[in-house]
Structures are given as structure tokens and as C-alpha cells.
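Trainee: Here you go, sequence then predicted model.
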Amino acid sequence: MALFSSRKENKHGPRCDRQEARELSKPFRVTKGEKFASRMLIPATRSAWKSEDKPRAKEALATGVEALARLQDMLYAQDHWAVLLIFQAMDAAGKDGAIKHVMSGINPQGCQVFSFKAPTSEDLDHDFLWRCMKCLPERGRIGIFNRSYYEETLVVRVHPEFLEKQKLPPDVVTKRIWDERFQDIRAFERYLSRNGVAIRKFFLHVSTGEQKRRFLERLDTPEKNWKFSGADIQERGHWDAYMAAYEDMIRNTATKDAPWYVVPADNKWFTRVVVAGAIIDALASLDVKYPAVGPEKLKELAAAKRALLAEK
């Protein structure tokens, strides 16, 4: 199956087949977290797509990028909805590349990207959602979080010493803190959904073997050395703990309004097509369209045209 059946255009530009986009991304969509199980964290391509389909995938992605550009333009013009895309993954899973390639045709004026690293001292003086809340997208725009408040249920959970640095009153640091954070996140995302923010979350799931290969490639390629940090190896040593944290995170925060997409990430070309399909489906579901022009506005436009044509 292709992301789009063809690259034909109509009077509105590249054709967007939402049904095909949905069918492509649906196998990786999780909306009922309680039904999610660790067996779903399998970095195998659950699809008919094989390595020989890579050229076809590139063509599909190019078509998807065109369709996304059109949908984003209507989203911006309509100015009703905001879209929040959240990307989480282990190191070297390809978050940066997926964002770069899938969103390559988007008008920069309508897209905002934020990467969340280790929290600053100012961040630590606020609640755990604060630094992400202040970066939420405006209506008409797509906001992209490269990592997010979910780090508070992942890296902070795997490394309890980070929790100790958050200056929390001892009374609130209980055995239920992770369940409480999941409750807060669900409530926060429900609040956003009720206020016109469409949320889609992506966990790009890379295998340990593929991560190792990509790490070695970074070490062996001088122009990629900057991407590598000794901390990457340290975090790799906590793989099982991270997988348990990811499973619990998805089980507790995957909902109909804010679904997770658990996307196999061993083949970057496949990952990008699935992500594009999910975003196209999300935008198309919002019924975005250009604002209608009323009779008075049409008269104004006609007068402006006449004035321009009358110029010598």
C-alpha cells in the first residue's frame, strides 16, 4: 500500500487520501492504553513493506510532504485548531531525521519546534509541566516537541537522583508519584483537546542492535562525532528499565484524544512514511479549510482588482 495512490493534483493541489494515510498508520496507533503490552514493543516492521520497497517509500513520503504542506496552509488560514506532535525515543532512534524529512515542506511561519534537554535551574523551580506548557502551539500552528514532559516519567524514573533535584516537598514524593504524574498528564492533555489542540504522540522504537550500529557509525564518521556523547552508552546500559518505563507510560497515557503511535524505527525510511501518514490523518480529521469569503469581501476584492487593472 502506498501513502497516496497517485501524485495527481486537483484544483486544490496535491491530492490527500486520508483513508490510505489512516490505514498505513493505524497498526501502530494505541488509543486504549490498558490494552497495551510489552509484546507490542517489537522493533519489527509490521507491514507488507520490505527493503525493496524503499524507493516506493521515498516517493510516498515526497507525496505526503506535499499533502502536509497543503493541509498545514489551510490549518494556518482557518486559525481554529492547534496541533501538538510529541516525539519520544531512545538515543539514535531517528527523531531529528523524522522531524526534518516529514516536515520539510511545511511553511516555517506555521510550525514551531522545541527540543527539551536537561532542565535548567529555572525549570526546576517550577512544576514538571511548566517548561513545556509555555511552548504550546498557537491556533493555526503545528508545535513539535522533540522529547517533552514525558521525560518526567522516563529518564527521571530510571534515574531517581534526578527527582531529588526537583526541590519537591518530601510529602509529595510518594510511592504513587508516577501514577500521579500520569494522572496529571492525562488531565492536561484532555484539557488541551477540549480547547482545540489536537495531540499526536510518537514513540520511535529502535532495537538494541540497530542502536549499536548507529552509535558505531557516529563514532566512525568524523562529521557525525558531534552527535555522540559518553552518556549515550550509560543510558544504553539501562535499556530494560527504559523499556519498562515506556510500556507503563503508554499504558497510562494512550487515549482516543491523545493517541500514541509506537513506530518501528530500525528502517528510517519506513518510520518517516508512517509518521507522515499519522500526521496527515490527524490534520485531515480536523476538517481544515480556507475561510469562506462573504459577499462584501468579494465586492472589496473585485474593486481592488479593477483599481489595479486601471493603473497605467
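Mentor: Noted; the coordinates are in hand. None of the values given here were measured: they were computed from a predicted structure. Numbering: from 1, shown residues only.

Trainee: ok, residue 279 touching residue 68?
Mentor: Yes - checked against Cβ atoms under 8 Å, the pair residue 279 and residue 68 is within contact range at 6.2 Å. In this view, the C-beta of every residue, glycine as well, is placed from N, C-alpha and C.

Trainee: Look at the two and report which has more neighbours.
Mentor: A side-by-side neighbour count of residue 279 and residue 68, using other Cβ atoms under 10 Å, places residue 279 first with 27 against 24.

Trainee: Let me know whether my guess that the more buried one is in a strand holds.
Mentor: No - applying DSSP: H, G, I helix; E, B strand; the rest coil, one finds residue 279 to be helix, outside a strand.

Trainee: what is in contact with residue 279 and residue 68 at once?
Mentor: Common neighbours of residue 279 and residue 68, using Cβ atoms under 8 Å, 6 or more residues apart in numbering, are residue 102.

Trainee: What does the pLDDT read for residue 16?
Mentor: On pLDDT, residue 16 comes in at 52.

Trainee: And residue 303, by the same measure?
Mentor: pLDDT recorded at residue 303 is 96.

Trainee: so which helix or strand takes in it?
Mentor: Here residue 303 is covered by helix 295-310, with elements defined by DSSP states H and E.

Trainee: What are the boundaries of the strands in this structure?
Mentor: Using DSSP state E, the strands found in the chain span residues 9-10, 13-14, 29-30, 82-89, 111-115, 142-146, 197-205, 260-264.

Trainee: would JSON lines of those strands with distance to residue 105 and mean neighbour count be doable?
Mentor: Shown next, in JSON lines, are those (distance: least, Cβ to Cβ, whole Å; neighbours: other Cβ atoms under 10 Å):
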{"stretch": "strand 9-10", "distance to residue 105": "14", "mean neighbour count": "10"}
{"stretch": "strand 13-14", "distance to residue 105": "10", "mean neighbour count": "17"}
{"stretch": "strand 29-30", "distance to residue 105": "23", "mean neighbour count": "18"}
{"stretch": "strand 82-89", "distance to residue 105": "15", "mean neighbour count": "24"}
{"stretch": "strand 111-115", "distance to residue 105": "10", "mean neighbour count": "16"}
{"stretch": "strand 142-146", "distance to residue 105": "12", "mean neighbour count": "22"}
{"stretch": "strand 197-205", "distance to residue 105": "18", "mean neighbour count": "23"}
{"stretch": "strand 260-264", "distance to residue 105": "20", "mean neighbour count": "24"}
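
Trainee: Same list, those, but as TSV with distance to residue 160 please.
Mentor: Output for those, formatted as TSV (distance: least, Cβ to Cβ, whole Å):
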stretch	distance to residue 160
strand 9-10	55
strand 13-14	49
strand 29-30	27
strand 82-89	20
strand 111-115	24
strand 142-146	24
strand 197-205	22
strand 260-264	25
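
Trainee: can you tell me which of those strands the model trusts least?
Mentor: When mean pLDDT is averaged over each of the strands of the chain, strand 13-14 scores lowest at a mean of 40.

Trainee: List the contacts of stretch 288-295.
Mentor: Stretch 288-295 is touched from outside by 71, 74-75, 77-78, 80-81, 301, with contacts defined as Cβ under 8 Å, 6+ apart.

Trainee: Span of that stretch from start to end?
Mentor: Terminal residues of stretch 288-295 are spaced 22 Å apart (Cα to Cα, to the nearest Å).

Trainee: Mind listing what's buried along stretch 285-301?
Mentor: By 16 or more other Cβ atoms under 10 Å, the buried positions in stretch 285-301 come out as 286, 288.

Trainee: which residues in the protein form helices?
Mentor: Read by DSSP state H, the chain holds these helices, from start to end of the chain: 18-25, 54-78, 95-102, 121-124, 130-133, 155-158, 160-164, 177-194, 208-220, 230-236, 239-253, 268-285, 295-310.

Trainee: Please identify the most buried of these.
Mentor: Among those, the stretch with the highest mean neighbour count (mean count of other Cβ atoms under 10 Å) is helix 268-285, at a mean of 24.

Trainee: elements contacting that one?
Mentor: helix 18-25, helix 54-78, strand 82-89, helix 95-102, strand 197-205, strand 260-264 (3 or more Cβ pairs under 8 Å, 6 or more residues apart in numbering; DSSP states H and E).
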